[in-house]
Structure formats: C-alpha cells, structure tokens
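1. sequence unknown, structure follows:
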C-alpha cells in the first residue's frame, strides 16, 4: 500500500555513506496515473527542494533494488508496476536539516492517446501528457533523520 | 417473428476502484465489493496484474482463487497497443505483434475472452495513428489462437458517427472478415449533458451518439463499458440515456458483458486534498453499488 499523494512521505530521510556521513537524501515517488508505465516511455525532470534545484542527470533512480541514471532508464525494458514507488536519491553534502521541506518534482511520459504524439523524440522534454495530467508534483514533507 | 431477446451479463470494471486500489484497497477488497453487488463478471487492466507482464504462478493461483471465492467470471482485459514506448521512431509491426501476443497469452491464461485494445491515436477524438491496420491484421491469427477479441473503445468525445469508426475500424472488420476485432462502446458516448461537478470538461455534448446508432455496431461488440458519473439515491444516472440503450441492446439480441465504469468527479480529484480522498473512500464504492442496483433494475436480474 502507498500513500495517496504522488510524493511519498514514507521513505523520506537523509542517506549515509559507508563512513556514516550524510551523503544526501531520498524520497519515493508513485505516479497518480491509473495504470503502470514502461520506464522507456517515462520522462524525468529536476527535483527542487526549498527552492534549490537538483539537475535530473545528477539524480539516482532506484527501482526493484537496482540503481539507474536518467539516461539508463531510457533503455530499461521494465514495467513500472502500478502503485509501486520509485526511490529518487539526491546527492547533497550534509543532506537536509531535520524539519519540514517543500519537495518538488517534474515527471511526465509519452502518452499514446488523447493527444498529439511526442514532439521531442530525443527524450529531452517531459513527454506529451502535460495538457491532461500536468508534470509538476509538490508536497511538504517532514524529515526526522 | 420477434428477435430473440439478449441477456447481457452484469459486471464491473476494477478500474472503477482505481483511486483506492493499492492505497486503501487490495485486489481482494475489490473482488469482495464486486461480489456484494451481485455482479457476475469483471474487467481487469493489465496494470493490475502483479509483476505484469510476467505474473508469478502464485499470483495466478491467487487470482483464480479470488474468481472462485467471489463467484466472478473474467470478462475483459484492458490493454494497450502502444507503439511509442521508446525514444525515436515508433515500433515496427513485428515489435507491435510481439507486444499484442504477450497480452493475448496473458488474457488466455487469466480467462478473458475480450480485450479493450487501446490503439495509439493522435488527438482527443482518438483518430488512430496511420498504419494501425498493418500490425493489427498481423496479430489476428494470434487473437484467434488465444481466443480473444480486440475491441476499440468508443469513448467520449468520440461518437459512433466520428468518421474513423466506420471509415477505418468498421472498414477493417469488413475487409478482413474477422471476428477478433470490434468495439467496446463506452456509454459515455451517449452522454447528452455535463455531469454535476464536471462542468469544466473540455468537450461539448451537442453532437453525441444517439441511442439508435448502437444497433449497427452490436454484431461487432462483445463487452461495453457502462460508464457513469453519478447515480442518485433513486438509482438513476441522469446524464446518459441508459434505459433506451439497454433496451435496444436486449431487443436486438445482444448478450455481451456490461461493465460498470465509474468516472465521476472524484475519479479526477481524489488526490487533490485529504478531504477529497476521504470522500473518495466512501463515495466510489457506494457509487458502484448504486450503479449495480440501477443495472439490476434495468435488466431485471
């Protein structure tokens, strides 16, 4: 079971390296869409936390125990199971302070119906579904560790 | 001599519970709800199969146990014929046929005889992307092998007189003489006015499908979405001419599956606030129950 919001609070915490030092933070994301998606049709954007933007190509995406870069996900022939979270790991020296944070994430996909097909076939954009579902996700989360 | 009356099956699409599935309801919870309504069949979406497209034998066993325990027959599997799943140009016909075969096999394994096949289309009225006939025709022998019927969904704002319905889909059926391709006629196509709380929807209701238009398409239709947005406390859907359409289906001998599909305002706004989600938890299962009572009243069983 997951929370009803696309950005999940469960799983939000700082990350630690092998020496026990904070290396960044991570949170989980589940699309609100009514079906699953192939990762190859997904388009990931930047993450912004409290106004600070983290480039989409600096993020690590973990699914089913394996880590991928954004570029690697274009070739990931795997089905993103319905209501299954993807962990987004953000490198950041000293991580985030304990307390509330405003998390924003851009995410889209190539929708094969209800609109014109994707214009940016190189995968540079956020797909072709924003007219129906939008690409901006935002939630205030409470960090404890 | 009078035509033999039809006897449609009364069913539910699990999609109706989509906002709650995996959040507050398990698949078994959905089956339990469906059993309570007296429905006898259901639609599943491929996405609701655990580990799609490779479900475990444990999951398949569990699925059949649910069907047996709650006395529900598989009716339709909703799937997608998407050909833009990668960067660059669309997929080849061979790749598309493989994608379709995979879902045909799964449908066969899970007991579904009909499919709602979402063919890639290029605008809101769902004009199919040119070239669809080629891969669908190549997939027909496999549809026959796995005993499934692909159905294009006719969904608002598409009507039964939208040109591509006859010019492309019906023409394809006549040319190939196949009985493995047809139409899932979503009852939203008959909706003649905006539903309460959904006045902002971007399409007009001036040129919708008229009930009598369905008759020509019944021989090519096996499962239909009995779409609804709101059923009142008197068990009436006041935006779709249910009584007329069902009467035409029964009088013309149609005995397919009618699958309740909730698409009311909370379907699109449940995630917007804690209040909306709390409302969805109560309203959505209740709406489906009301709709099933309405269908029972209309069908007489």
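-> Received the coordinates, thanks. Note that the structure is predicted; figures quoted are calculated from it, not measured. Numbering: from 1, shown residues only, chains lettered A, B, ... in the order given.
2. ok, the longest helix along chain B near chain A or not?
-> Here the longest helix in chain B is taken by residue count, with DSSP state H as the criterion, and it is helix B:274-299. Yes. Looking at helix B:274-299 against chain A by C-beta under 8 Å from any C-beta of the partner chain, the contacts come from residue B:277. For the C-beta atoms, the positions are set from N, CA and C on the backbone; glycine is no exception.
3. same question for that helix: list its buried residues.
-> By 16 or more other C-beta atoms under 10 Å in any protein chain shown, the buried positions in helix B:274-299 come out as B:276-277, B:280-281, B:283-285, B:287-292, B:294-295, B:298-299.
4. and it, average pLDDT?
-> Across helix B:274-299, the average pLDDT comes to 98.
5. kindly report the same for stretch B:233-250.
-> Averaged across stretch B:233-250, pLDDT comes to 97.
6. and it, how far apart are its ends?
-> Start to finish, the residues bounding stretch B:233-250 are 25 Å apart (C-alpha to C-alpha, to the nearest Å).
7. can you tell me the closest non-neighbouring residue to the residue of the stretch 1-150 of chain B found nearest chain A?
-> Using C-beta to the nearest C-beta, residue B:22 is the residue of the stretch 1-150 of chain B that sits closest to chain A, at 3.0 Å. The shortest distance from residue B:22 to any non-neighbouring residue, by C-beta to C-beta, 6 or more residues apart in numbering or on different chains, is to residue A:83 (3.0 Å).
8. which secondary structure element contains the one you found?
-> For residue A:83, there is no host helix or strand (DSSP states H and E).
9. tell me how many other residues crowd the closest residue to chain B within chain A.
-> As assessed by C-beta to the nearest C-beta, chain B sits closest to residue A:83 within chain A, at 3.0 Å. Residue A:83: 16 surrounding residues under other C-beta atoms under 10 Å in any protein chain shown.
10. what segments of chain B are helices?
-> With helices called from DSSP H, chain B shows them at B:27-37, B:57-69, B:93-109, B:132-145, B:163-164, B:171-176, B:242-251, B:265-269, B:274-299.
11. before we move on, the earlier item: mind listing what the residue of chain A closest to chain B touches?
-> Taking C-beta atoms under 8 Å, 6 or more residues apart in numbering or on different chains as the contact definition, residue A:83 lies against A:1-2, A:30, B:21-23.
12. out of the residues you listed, who's nearest residue B:267?
-> Minimum separation from residue B:267 among the contacts of residue A:83 (C-beta to C-beta) is found for residue B:21, which lies at 12.2 Å.
13. residues in a beta bridge with that closest one, which ones?
-> residue B:25 (DSSP bridges).
14. how many neighbours does it have?
-> By other C-beta under 10 Å, 22 other residues sit near residue B:21.
15. can you give me the mean pLDDT across stretch B:51-66?
-> 98.
16. who's in contact with residue 104?
-> No chain in the question, so chain A it is. When contacts are taken as C-beta under 8 Å, 6+ apart, residue A:104 is in contact with A:47-49, A:136-138.
17. can you look at chain B instead?
-> If you count contacts by C-beta under 8 Å, 6+ apart, residue B:104 has them with B:115, B:139, B:142-143, B:145-146, B:148.
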